[in-house]
Every structure is written in structure tokens, then in C-alpha cells.
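Novice: Give me the fold of what follows.
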Amino acid sequence: MLVLMIEPGKAPRRLELSHSLEEMQKAVGGFIQILYPFGEPVALVCNEEGKLLGLPANRALRDESGAVYDIVCGTFFLCGAPPDSDTLGSLTEEQVSRYEQRFARPELFLNLGGHIICLADQ
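Specialist: Residues are numbered from 1 along each chain as shown. As a prediction, the model looks like this:
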């Protein structure tokens, strides 16, 4: 399946992954967690214990107004999440292009007085 791999500090890259759980776990470096943070059938697959393991902060997830509501730690990938299916699938070319742009620039996160600040070159 065609996915968009997003590693901390790097630009996104296209990658072909098999549908196997083992390959998905290898891609994110541990047990997987699947999130659905977008308004379309796209899944974000990350390391379930990324924050607990202290993996590097990667990208912020933002709400409709652009406010940060979560930070994904460690490597993650985006893939298709076809409706009415219990398996993940390929992204469309349109989705790849859109998410390449959305996550194009790595972000920097600072902890100032217990508050996380996200610096991004928008």
C-alpha cells in the first residue's frame, strides 16, 4: 500500500508498505496506534508508546481553527482508511499531495514553563 512516511525533522516521503502488522510495527518502531484525526478516510499510524518512550516530537495535530490539540511523537505514516473496511489501504495521489504539503516542514517544539510551544515555518 502507498503511504506517506513522516519522520521527526524530515520532509515526508512516499513509501510502499505491505499490509502486515509486522511491517507496520517496524515502520513506527513498536506497537501501532491508529488515529483518525482528519475529516476524510485517512489514518495516522504511530507508535502507541511514542510519548511514554520519549520519542522525539514530530508533528502537531491541529483543529479546524489551526490550534494544536496534540503532538505525535516518533515516526508515523498516513494511509488510506476505506469506509466499511477493517483493513488499511493506499492513499490516493491527491491525498499524498495534500498531506505532503501539510506536513512538508518539520516543526520545533519548546517546553516553556510547562507549556508546549510549536514553532513552524508556515
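
Novice: where does this structure dip in pLDDT?
Specialist: 121-122 (pLDDT under 70).

Novice: packing partners for the lengthiest helix in it?
Specialist: Of all the segments assigned as helix in the chain under DSSP state H, the longest by residue count is helix 93-102. Judged by 3 or more CB pairs under 8 Å, 6 or more residues apart in numbering; DSSP states H and E, the packing partners of helix 93-102 are strand 2-6, strand 76-80. In short, each C-beta sits where N, CA and C put it, glycine included.

Novice: which residues touch the first one?
Specialist: For strand 2-6, the external contacting residues (CB atoms under 8 Å, 6 or more residues apart in numbering) are 12-17, 27, 45, 58-59, 75-79, 90-91, 96, 99-100, 103.

Novice: swap in stretch 23-32?
Specialist: Contacts to stretch 23-32, defined as CB under 8 Å, 6+ apart, come from residues 3, 5, 15, 17, 21, 45-50, 53, 55, 74-77.

Novice: From the opening residue of that stretch to its closing one, how far?
Specialist: For stretch 23-32, the separation between the terminal residues is 10 Å (CA to CA, to the nearest Å).

Novice: And it, what's buried?
Specialist: Of the residues in stretch 23-32, 24, 27-28, 30, 32 count as buried by neighbour count, 16 or more other CB atoms under 10 Å.

Novice: Which ones among those residues lie within helices?
Specialist: Reading helices off those with DSSP H, I get 24, 27-28.

Novice: Dump the residues you listed to TSV, plus distance to residue 84.
Specialist: Shown next, in TSV, are these (distance: CB to CB, whole Å):
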residue	distance to residue 84
24	21
27	25
28	25
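
Novice: which residues touch the one residue sitting closest to the centre of the chain?
Specialist: For the chain, the residue nearest the mean C-alpha position is residue 76 (4.3 Å; CA atoms, centre = their mean). By CB under 8 Å, 6+ apart, residue 76 lies in contact with 6, 28, 44-47, 58-59.

Novice: which residues does it bridge with?
Specialist: residue 6, residue 46 (DSSP bridges).
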